[in-house]
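[1] What shape does this take:
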Amino acid sequence: MRDLAEVILSVEELEAIRLKDLNGLEQEECAVNMGVSRPTYHRILSAARAKVADALVNGKAIRVEGGNFQVAVRRFRCISCGNEWESPCEKGHGTGRATCPSCQGNDTRRIDKDGGLFNCSRWKDGIQQA
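    Numbers count the residues shown, from 1 in each chain. Below is the predicted model of the structure:
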């Protein structure tokens, strides 16, 4: 791989391909997910597809780097000591539970950006449901 020419794909370009080609979303949904206008999304996707095609047809490696992005995080509060912290979202992290980094306690709740209990259909009282 070291000797191959490379095509540089930005994180935004990879995300555009993931949303449209892997997840099968419509372009409008993709644009909303990425927080950009539909024309901007289309430009990002077109550039990404051209780079991937170049790599496939011409036997180049694909390197993903750079771009403007934010790592998705989950926020937690420890009921025992009151400590609050953020943890990066990880694919396959299904329990929704976290150990407090301050007191090592397991009585934790997921919270939203305002500090209230996180609430969605899979969560009740800040605890992920099975």
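
[2] pLDDT weak spots in this structure?
    The chain contains residues with pLDDT under 70 at 1, 67-72, 89-97, 120-130.

[3] Recalculate using a threshold of 50.
    91-94 (pLDDT under 50).

[4] quick one, strands of it?
    6-9, 61-64, 73-78, 84-88, 108-111, 123-124, 127-128 (DSSP state E).

[5] okay, now the domains of this protein?
    Split into domains by automatic domain parsing, the chain comes to 6-64, 71-130.

[6] can you redo these as TSV with mean neighbour count?
    For every residue, glycine as well, the C-beta is placed using N, CA and C. Shown next, in TSV, are the domains of the chain (neighbours: other CB atoms under 10 Å):
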stretch	mean neighbour count
domain 6-64	15
domain 71-130	13
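
[7] Dump the strands of the chain to JSON lines, plus distance to residue 27.
    As requested, the strands of the chain are exported to JSON lines (distance: least, CB to CB, whole Å):
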{"stretch": "strand 6-9", "distance to residue 27": "19"}
{"stretch": "strand 61-64", "distance to residue 27": "21"}
{"stretch": "strand 73-78", "distance to residue 27": "27"}
{"stretch": "strand 84-88", "distance to residue 27": "28"}
{"stretch": "strand 108-111", "distance to residue 27": "31"}
{"stretch": "strand 123-124", "distance to residue 27": "30"}
{"stretch": "strand 127-128", "distance to residue 27": "31"}
